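A.B. asks: Following is a predicted model, sequence given first.
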2 protein chains.
Amino acid sequence: MNQQVRTISELDRVIHEPGRLIIVTLLYAVERVDFLYLLHETGMNKGTLSSHLSRLEEAGYVEIAKTFRGKVPQTLLRLSPSGRKALERYRRKLKEAL
Amino acid sequence: MNQQVRTISELDRVIHEPGRLIIVTLLYAVERVDFLYLLHETGMNKGTLSSHLSRLEEAGYVEIAKTFRGKVPQTLLRLSPSGRKALERYRRKLKEAL
DNA sequence: CCTACTAGTTTGCGCCGCAAACCGGTTGGT
DNA sequence: ACCAACCGGTTTGCGGCGCAAACTAGTAGG
């Protein structure tokens, strides 16, 4: 079992999933954003986006804050420090592997 | 929906799966190899390896040839031309996305 | 013979991504 | 005042997938 193999098998599966990789990549650039922005930017439907965000929250990679914009609910998302590190680590490993 | 997002969502899911990425990466380097070599090199168990290989065969990325080494069966694997292209394409896209 | 081993394949399970259905609240029409 | 339509998400259900345990067909050893 060579080093390349080991590197690939250590990839973070939470981030590796393309849907979540997209989310995390977007969040990495903007620091703080709302659900609807992500919805349009990712091109996903609401259910898919919501469940990926929950999974990222469980992993401690994304922080979800619910507020109101006037009277309509608004969900704000940001990448946690641990999420930023996880993405950076993921990118490093991937480049190393390819 | 920006370009980075589009690139990620176009990633080939057959290759994206880490188990298969490992297999394809190994095959890319060696041209032709048997099941047991892959088994040891990947660190997978036989069932996992077998099913990933079947999936890669269905996708047209790997060619599976069954022969005998003396009296014991031997399964030989090679990356098809389309498999090579798929991996190259996958790598390009991924680098582009990160 | 008959038990153990080799070289895989198949089965079964549990998790996951996905979209349809749902839900609490708000706005607009009459 | 009512109620239908809409907004901003969440939950449910389903199909597919990765994984390892169980199985299979054949070989070798005692």
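C.D. replies: Perfect, thanks for sending it.

A.B. asks: which ones are touching the residue most central in space within chain A?
C.D. replies: Chain A has A:V24 as the residue nearest its centroid, 2.7 Å off, counting by CA atoms, centre = their mean. The neighbours of A:V24, taking CB atoms under 8 Å, 6 or more residues apart in numbering or on different chains as the test, are A:15, A:56, A:61-62, A:79, A:83, A:86-87. Backbone N, C-alpha and C define where each C-beta goes, glycine included.

A.B. asks: May I see the buried residues of the lengthiest helix in chain A?
C.D. replies: Ranked by number of residues, the top helix in chain A under DSSP state H is helix A:81-97. By 16 or more other CB atoms under 10 Å in any protein chain shown, the buried positions in helix A:81-97 come out as A:83-84, A:86-87, A:90-91, A:93-94, A:97.

A.B. asks: And the residue lying closest to A:L79 once chain neighbours are set aside, which helix or strand is it part of?
C.D. replies: Distances taken as CB to CB, 6 or more residues apart in numbering or on different chains put A:L27 closest to A:L79, at 4.1 Å, once the chain neighbours are dropped. Here A:L27, judged by DSSP states H and E, is contained in helix A:18-30.

A.B. asks: does that helix come close to DNA strand D?
C.D. replies: No. Helix A:18-30 lies apart from DNA strand D when judged by CB under 7 Å from any atom of the strand; the minimum separation is 12.4 Å.

A.B. asks: can you state the direction angle for the longest helix of chain A and helix B:81-97?
C.D. replies: Following axes from the mean of the first three to the mean of the last three CA atoms, to 10 degrees, one obtains 140 degrees for the angle between helix A:81-97 and helix B:81-97.

A.B. asks: any residue of helix A:81-97 up close to chain B?
C.D. replies: Yes. Applying CB under 8 Å from any CB of the partner chain, one finds helix A:81-97 touching chain B at A:91, A:94-95, A:97.

A.B. asks: Pick the one among those closest to A:Q74.
C.D. replies: For the residues of helix A:81-97 next to chain B, the residue nearest A:Q74 by CB to CB is A:R91; the value is 30.1 Å.

A.B. asks: Make sure the closest one is actually in contact with B:L98.
C.D. replies: Yes. Contact criterion CB atoms under 8 Å: A:R91 and B:L98 qualify, at 4.9 Å.

A.B. asks: circling back: what's the angle between the helix holding A:L27 and helix A:81-97?
C.D. replies: Using the same axes, to 10 degrees: helix A:18-30 against helix A:81-97 is 110 degrees.
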